[in-house]
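>>> pasting a predicted model and its sequence here:
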Amino acid sequence: MLIKRVRGWELPERQATPEGTYMQRRTLVRAMGLGAASLALPGLALAQNKAASDPSAGRYPAPRNDKYGVPTPMTEERQATTYNNFYEFGTDKSIWRAAQKLEVRPWTIKIGGMVEKPFEVGIDDLLAKMQIEERVYRHRCVETWSMIVPWSGFPMRSLVEFCKPLSGAKYVVMKTLSKPSVMREQRDLLYPWPYTEGLAMDEAMNDLAFIATGLYGKPIPQQNGAPLRLVAPWKYGFKNVKSIVSIDFSDKQPVSFWEKLQASEYGFWANVNPEVPHARWSQATEKPLGSSTRIPTLLYNGYAEFVAGLYTDRKAEKLFY
Ligand SMILES: Nc1nc2c(c(=O)[nH]1)N[C@H]1C(S)=C(S)[C@@H](COP(=O)(O)O)O[C@H]1N2
Ligand SMILES: [Mo]
């Protein structure tokens, strides 16, 4: 059975986290007086040069919108771009190098389902229609690591309006690219590829829901979900589907990737709540990337004032996993 397989995040954290060895290397490189970018991680430096030739590079950095707060301390860019979950490239955290092979131009997004008229749009045409802004958000992975990063992009609501859904649409469903030649883990047919996630329409229209196309004032790197990914910061990280190629509107609640694998542990709503433990671990605290100290996790990941109202009429649902 699928659910019997041991996945990365089912391991105790000390086993699943390669951070210890990574930090040692950083310290060593620093002690030698050499730039980490040039010596320790030449591939990353290359990726950053590539970003400079991205057709959308001129759109970043974008003006910051601080309406939803500016949490601190910000995670170091190198941490957020070298410690990732992107199972298509592998089930451990160090997939950033493999992800460089993903070509993000040309990139077409297919819009369908309950819309006035199905259509396709190229990422650069879409970007040209959107007002790009920066938002500093908390991110809380269900595995209990967290980060604070500056995303650039546009409100999910603008994307929904651009798609012109029919009034009967209740959910928006987003899928990741299928490309087993590069996304090698997609050859493992025990997973329900492509990665699929969804939001209820009122969640998608909430101010906080965001589509990220940039990170740290540059186009978003492949490992973080280039060229566009969802960011719903009040939910566990797995909701934030990366490298989106299709957006469909439906009157039925979709079954997402992790829900298909193990619905009893990874549900549709997946809102952050420190008082509702995961089936196999507590969610009370979290470890910020790059820090050795755990901190308390906040209800709705600190965004209750913006989103709690979405759930007052959904009390009967399993809202917190
Ligand atoms: N397509 C796809 N999207 C994905 C994932 C994935 O494996 N595949 N992992 C999710 C999980 S579990 C988390 S915590 C975040 C991690 O985003 P980051 O690597 O930018 O920190 O991406 C989410 N989006
Ligand atoms: Mo996650």
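Yep, that arrived. Ligands and ions are numbered 1, 2, ... in the order given.
>>> from now on I want contacts and neighbour counts done on CA atoms only, so please keep to that.
Will do.
>>> same for the top strand by length along the chain, what does it pack against?
In the chain, taking DSSP state E as the definition, the longest strand is strand 145-155. Contact analysis of strand 145-155 by 3 or more C-alpha pairs under 8 Å, 6 or more residues apart in numbering; DSSP states H and E lists helix 77-80, strand 133-140, strand 210-215, strand 285-288 as its packing neighbours.
>>> same thing but at 10 Å, please
Applying 3 or more C-alpha pairs under 10 Å, 6 or more residues apart in numbering; DSSP states H and E, one finds that strand 145-155 contacts helix 77-80, strand 133-140, strand 210-215, strand 218-219, strand 229-231, strand 285-288.
>>> now the ones you listed in JSON lines, with distance to Ser264, mean neighbour count and mean pLDDT?
JSON lines is the format used below for those (distance: least, C-alpha to C-alpha, whole Å; neighbours: other C-alpha atoms under 10 Å; pLDDT from 0 to 100):
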{"stretch": "helix 77-80", "distance to Ser264": "29", "mean neighbour count": "15", "mean pLDDT": "98"}
{"stretch": "strand 133-140", "distance to Ser264": "20", "mean neighbour count": "24", "mean pLDDT": "98"}
{"stretch": "strand 210-215", "distance to Ser264": "27", "mean neighbour count": "27", "mean pLDDT": "98"}
{"stretch": "strand 218-219", "distance to Ser264": "36", "mean neighbour count": "25", "mean pLDDT": "98"}
{"stretch": "strand 229-231", "distance to Ser264": "23", "mean neighbour count": "25", "mean pLDDT": "99"}
{"stretch": "strand 285-288", "distance to Ser264": "21", "mean neighbour count": "20", "mean pLDDT": "98"}
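>>> looking at the ones you listed, which is nearest to Leu127?
Closest to Leu127 of the helices and strands packed on strand 145-155, according to C-alpha to C-alpha: strand 210-215, at 8.6 Å.
>>> so Phe249 belongs to a strand, correct?
Yes: counting by DSSP: H, G, I helix; E, B strand; the rest coil, Phe249 is part of a strand.
>>> got the phi/psi numbers for Thr82?
Thr82 adopts backbone torsions of phi -130, psi 0, taken as degrees, to the nearest 10.
>>> check contacts around Leu166.
Gly113, Met114, Val115, Glu116, Lys117, Phe249, Ser250, Asp251 (C-alpha atoms under 10 Å, 6 or more residues apart in numbering).
>>> circling back: TSV please, covering the helices and strands packed on strand 145-155 and showing distance to Phe257.
Shown next, in TSV, are the helices and strands packed on strand 145-155 (distance: least, C-alpha to C-alpha, whole Å):
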stretch	distance to Phe257
helix 77-80	23
strand 133-140	18
strand 210-215	19
strand 218-219	26
strand 229-231	15
strand 285-288	23
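>>> can you list these in a markdown table and add distance to ligand 1?
Supplementary listing: the helices and strands packed on strand 145-155 in a markdown table, determined by distance: least, C-alpha to the nearest ligand atom, whole Å:
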| stretch | distance to ligand 1 |
| --- | --- |
| helix 77-80 | 6 |
| strand 133-140 | 7 |
| strand 210-215 | 9 |
| strand 218-219 | 13 |
| strand 229-231 | 8 |
| strand 285-288 | 11 |
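>>> which one of the ones you listed lies closest to Ala98?
helix 77-80 (15.7 Å).
>>> convert the C-alpha atoms of that closest one to CSV, please.
Below are the C-alpha coordinates for helix 77-80, written out as CSV (Å, rounded to 0.1, in the frame of the first residue of the first chain):
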residue,chain,number,x,y,z
GLU,A,77,18.1,33.6,1.1
ARG,A,78,20.5,30.7,0.8
GLN,A,79,18.5,28.7,3.4
ALA,A,80,15.2,29.2,1.7
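>>> which regions of the stretch 51-200 of the chain lie under the pLDDT threshold?
By pLDDT under 70, the low-scoring segments of the stretch 51-200 of the chain are 51-52.
>>> up against ligand 2, what does it have?
Residues of the stretch 51-200 of the chain lying near ligand 2 by C-alpha under 5 Å from the ion: Cys141.
>>> mind listing what's buried in the longest strand of the chain?
Neighbour counts using 16 or more other C-alpha atoms under 10 Å place Trp145, Ser146, Met147, Ile148, Val149, Pro150, Trp151, Ser152, Gly153, Phe154, Pro155 of strand 145-155 among the buried residues.
>>> the fifth one and Gly168, how far apart?
Translated: Val149. Computed as C-alpha to C-alpha, to the nearest Å, the Val149 to Gly168 distance reads 35 Å.
>>> name the helix or strand for Leu127, please.
helix 123-129 (DSSP states H and E).
>>> what packs against that helix?
Looks like helix 123-129 contacts strand 108-113, helix 156-163 (3+ C-alpha pairs under 10 Å, 6+ apart).
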